[in-house]
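> Coordinates for the following, if possible.
(2 chains)
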Amino acid sequence: MSAAPALSADMFDCRDAYVQTLEALAASDSRIVAVVNDSVGSSKLGKFRDLFPDQLVNVGIAEQNMVGVGAGLANGGKVPFVSGAACFLTSRALEQIKADIAYSHANVKLCGISSGVAYGELGATHHSIEDLAWLRTMRELTVIVPADPSETAAAIRAAAAFEGPIFIRISRMPVPELEHSAPFAIGRAEVMRDGSDITIIATGTLVHRALAAATALGEQGITARIVNMATITPLDEEAIVDAARETGAIVTAEEHVVRGGLGGAVAEIVATRHPVPMRILGFDGFQPTGSAEWLMARAGLTADGIVKAALDLLSQRRA
Amino acid sequence: MVFEAGQGHPGGDLSATDILATLYFGILRYDPHEPRDPARDRFVMSKGHCTGALYTALAGAGFFPEEELSTYLKPNSRLNGHPNRTYLPGVETNTGPLGHGLPVSVGIAIAGQIDAADYRTFVLTGDGELQEGSMWEAAMLAGHRKLDKLTAIVDRNRLQQGARTEETNSLEPLADKWRAFGWDIIEVDGHDHAALFDTLGAPAAGKPRCVIAHTIKGQGISYMRDQAGWHHGVPNAEQYAQALRELTLEEPDA
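Sure thing, here's the model as predicted:
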């Protein structure tokens, strides 16, 4: 597997927050079980395995079985965190996620690791940039995309306390710790910065880039509202309608294809409840090989790219 | 039920009926008033399309009133074409797409293994269903973990929807396949209640057990026996009356 992009002192790999939280939960609750597909290393669960050998189930390289086994463990009273590379977990086992987890309302926590284009150089088979679209079609499956380590930790705790099926998209792409305006709650959007000229709705690794874009736009006299949409399902529709009504233009940004992800979800609400001009930033189809950061820049998924899209949208609106 | 609903899977229902009768009225420990009792034995219907047989067994076992069987496949009935645990007590997991029940059963058995619990887990699979790769992923893990409180029963009626299994994608040598995956094997006549009772109640062997139950699709009704066409056929009124006579059941008042 490719090496993770270098971390600096103020940039973090959210997998660390994930496993530290899971270890803390497992220490006080023997129902917590990690289920992996030979992914102890890539999920950073080596220490968890050493601390709680009876609470780790390694099914080998078998994602369909991994998800089914997770449903069975929940039936037997466990709280399974089924943890594997997001690309394989969500696509290989999609029917199991549908039938065994979402439709069966199994109390299973699906953790998609190294989501998005984190495995940049490994190519489109290992990019997980379709997962939100696949999973978002199921209203019965809660979907969370944390933006930083503290939100990842909060999401894992919330998932453990939540009774029902949930998917958490965990990134390995370095992100900074953000200053939050409100504690994480499933289903609630967070307005991280207020503004009246335009709203940028971002999720996951794009949130800190959107905040940087807001600063750059501010230098040009444009106040941008920044909404962290950490919960994709159930979607905070009112926050979207408020943004449309109060700022009149919306840019969405996600480490995902432009079809059916956050942008699609926001557009469904905007189009039916309060139509305003929009831009959807994301990947347009399968991506070539290249580092994660190179792929992000190529698709305009940077602070500069968000600024450019925002200015373009505003100029079009004034025209 | 199939006659009244105008659809269903009677062939596979009838090949599985004696197995389900033996399980629910001889082997499984359960309390229909406490369907989520953590100590219960679990039964998973991996061949989820055979709800005619499953619902009849669950009603007979007291999980819901027998009168409700007449709602089978009707709009909004709890008796869906495939079983749903969220609204029907006694159902452990939602099945329907093939290849799902064994992985879930393996997960249940692993939970029991971790807890050193006493309950047993039984899963009934179709034979054609063993063409699904996910079944063998699960079989491999069960053998690896020596899940000796897990019993998989293969409804070996030798017919799948379209044709015979051996003409479609052959399963034989089936017992050898399970053995190679680390399972204890017992072959039994799937319509002999006494033999089924002894087999399903046999002491654990230190590894998971696969019971290959040799059955006849459409068992008990002469014109359905061993006919692929009755996988999801529906009898007409004359055939229905004949079926009831052959099964020595009374025809309901018209």
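
> What residues sit buried inside stretch B:60-80?
Neighbour counts using 16 or more other C-beta atoms under 10 Å in any protein chain shown place B:61-64, B:68-69, B:71-73, B:77-80 of stretch B:60-80 among the buried residues. For glycine as for every other residue, the C-beta is placed from the backbone atoms N, C-alpha and C.

> Let me fix that, I meant to ask about stretch A:113-126.
Applying 16+ other C-beta under 10 Å to stretch A:113-126 flags A:113-122, A:124, A:126 as buried.

> element containing the spatially most central residue of chain B, please.
For chain B, the residue nearest the mean C-alpha position is residue B:124 (3.9 Å; C-alpha atoms, centre = their mean). Taking DSSP states H and E as the criterion, residue B:124 maps to strand B:121-126.

> per-residue confidence at the nearest residue to residue B:45 once chain neighbours are set aside?
Sequence neighbours aside, residue B:54 is the residue nearest to residue B:45 in space, at 5.0 Å (criterion: C-beta to C-beta, 6 or more residues apart in numbering or on different chains). Residue B:54 is assigned a pLDDT of 97 by the prediction.

> Run through who's touching the strand or helix carrying residue B:54.
When elements are assigned from DSSP H and E, residue B:54 belongs to helix B:51-60. With contact meaning C-beta atoms under 8 Å, 6 or more residues apart in numbering or on different chains, helix B:51-60 is reached by B:1-2, B:8-10, B:12-14, B:16-17, B:20-21, B:23-25, B:45, B:64-66, B:68-69, B:72, B:79-83, B:88-91.

> What subset of the residues you listed is buried?
The neighbour count (16+ other C-beta under 10 Å) marks B:1-2, B:8-10, B:12-14, B:16-17, B:20-21, B:23-24, B:45, B:64, B:68-69, B:72, B:79-83, B:88, B:90-91 as buried among the contacts of helix B:51-60.

> Among those, which ones are in helices?
Under the assignment DSSP state H, the buried ones among the contacts of helix B:51-60 contribute B:2, B:10, B:12-14, B:16-17, B:20-21 to helices.

> with these in mind, which one is nearest to residue A:193?
Residue A:193 lies nearest to residue B:12 out of those, by C-beta to C-beta, at 59.9 Å.

> can you pull the contacts of the closest one?
B:47, B:49-50, B:53, B:126, B:155, B:157, B:217, B:231.

> ok, now residue B:78?
By C-beta under 8 Å, 6+ apart, the contact list for residue B:78 reads B:64, B:68, B:71, B:84, B:87-88.

> May I see these organised as JSON lines, with distance to chain A and pLDDT added?
Output for the contacts of residue B:78, formatted as JSON lines (distance: C-beta to the nearest C-beta, whole Å; pLDDT from 0 to 100):
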{"residue": "B:64", "distance to chain A": "18", "pLDDT": "98"}
{"residue": "B:68", "distance to chain A": "21", "pLDDT": "97"}
{"residue": "B:71", "distance to chain A": "20", "pLDDT": "96"}
{"residue": "B:84", "distance to chain A": "8", "pLDDT": "97"}
{"residue": "B:87", "distance to chain A": "10", "pLDDT": "94"}
{"residue": "B:88", "distance to chain A": "12", "pLDDT": "97"}
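
> Of those residues, which is the nearest to residue A:66?
Using C-beta to C-beta, residue B:84 is the member of the contacts of residue B:78 that lies nearest residue A:66, at 22.9 Å.

> where does the closest one fall, phi/psi-wise?
For residue B:84, the backbone dihedrals (degrees, to the nearest 10) come out as phi -130, psi 120.

> so the closest residue in space to it that isn't next to it in sequence, which of the three states?
Excluding its sequence neighbours, the residue lying closest to residue B:84 (C-beta to C-beta, 6+ apart) is residue B:94, at 5.2 Å. For residue B:94, the assignment made with DSSP: H, G, I helix; E, B strand; the rest coil gives coil.

> Tell me which residues touch the nearest residue to residue A:204 once chain neighbours are set aside, please.
Excluding its sequence neighbours, the residue lying closest to residue A:204 (C-beta to C-beta, 6+ apart) is residue A:145, at 4.2 Å. Residues in contact with residue A:145 (C-beta under 8 Å, 6+ apart) are A:132, A:168-169, A:203-204, A:229-232, A:254, A:262.

> Mind checking which of the residues you listed land in strands?
A:168-169, A:231-232, A:254 (DSSP state E).

> Identify the farthest-apart pair in those residues.
In the ones in strands among the contacts of residue A:145, the most distant members under the criterion C-beta to C-beta are A:168 and A:254, with 15.4 Å between them.

> higher neighbour count, those two?
Taking other C-beta atoms under 10 Å in any protein chain shown, residue A:168 and residue A:254 do not tie; residue A:254 has more neighbours (30 against 26).

> May I ask you to confirm that that one is in contact with residue A:130?
No: using C-beta atoms under 8 Å, residue A:254 makes no contact with residue A:130, being 11.7 Å away.

> what residues does the stretch 101-250 of chain A put near chain B?
A:103-106 (C-beta under 8 Å from any C-beta of the partner chain).

> try 7 Å
Contact residues (C-beta under 7 Å from any C-beta of the partner chain) of the stretch 101-250 of chain A with chain B: A:103-105.

> pLDDT weak spots in chain B?
Along chain B, the parts satisfying pLDDT under 70 run over B:250-254.

> 50 instead, please
Within chain B, the stretches with pLDDT under 50 are B:254.

> CA atoms of the longest helix along it as PDB?
Longest helix of chain B, by residue count under DSSP H: helix B:101-115. Taking Å, rounded to 0.1, in the frame of the first residue of the first chain, the C-alpha atoms of helix B:101-115 are listed here in PDB:
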ATOM      1  CA  GLY B 101     -27.500 -16.500   5.700                       C
ATOM      2  CA  LEU B 102     -24.300 -18.500   6.300                       C
ATOM      3  CA  PRO B 103     -22.100 -15.500   6.800                       C
ATOM      4  CA  VAL B 104     -24.600 -14.000   9.300                       C
ATOM      5  CA  SER B 105     -24.800 -17.400  11.100                       C
ATOM      6  CA  VAL B 106     -21.100 -17.600  11.300                       C
ATOM      7  CA  GLY B 107     -21.100 -14.100  12.900                       C
ATOM      8  CA  ILE B 108     -23.700 -15.300  15.400                       C
ATOM      9  CA  ALA B 109     -21.700 -18.300  16.200                       C
ATOM     10  CA  ILE B 110     -18.500 -16.200  16.700                       C
ATOM     11  CA  ALA B 111     -20.400 -14.000  19.200                       C
ATOM     12  CA  GLY B 112     -21.400 -17.200  21.100                       C
ATOM     13  CA  GLN B 113     -17.800 -18.500  20.900                       C
ATOM     14  CA  ILE B 114     -16.400 -15.200  22.300                       C
ATOM     15  CA  ASP B 115     -19.000 -15.300  25.200                       C
END
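
> Would you mind getting the angle between it and strand B:121-126?
Relative orientation of helix B:101-115 versus strand B:121-126 (axes from the mean of the first three to the mean of the last three C-alpha atoms, to 10 degrees): 170 degrees.

> Counting by contacts, list what helix B:101-115 packs against.
helix A:63-75, strand B:42-45, strand B:121-126, helix B:133-144, strand B:150-156 (3 or more C-beta pairs under 7 Å, 6 or more residues apart in numbering or on different chains; DSSP states H and E).

> tell me the most buried of those?
Most buried of the helices and strands packed on helix B:101-115, by mean neighbour count (mean count of other C-beta atoms under 10 Å in any protein chain shown): helix A:63-75, with a mean of 31.

> Following element in sequence after that one, please.
Moving toward the C-terminus from helix A:63-75, the next helix or strand (DSSP H and E) is strand A:79-85.

> picking up where we left off before, could you export the contacts of residue B:12 to TSV, including columns for distance to residue B:102?
TSV is the format used below for those (distance: C-beta to C-beta, whole Å):
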residue	distance to residue B:102
B:47	11
B:49	15
B:50	15
B:53	18
B:126	11
B:155	13
B:157	18
B:217	20
B:231	21
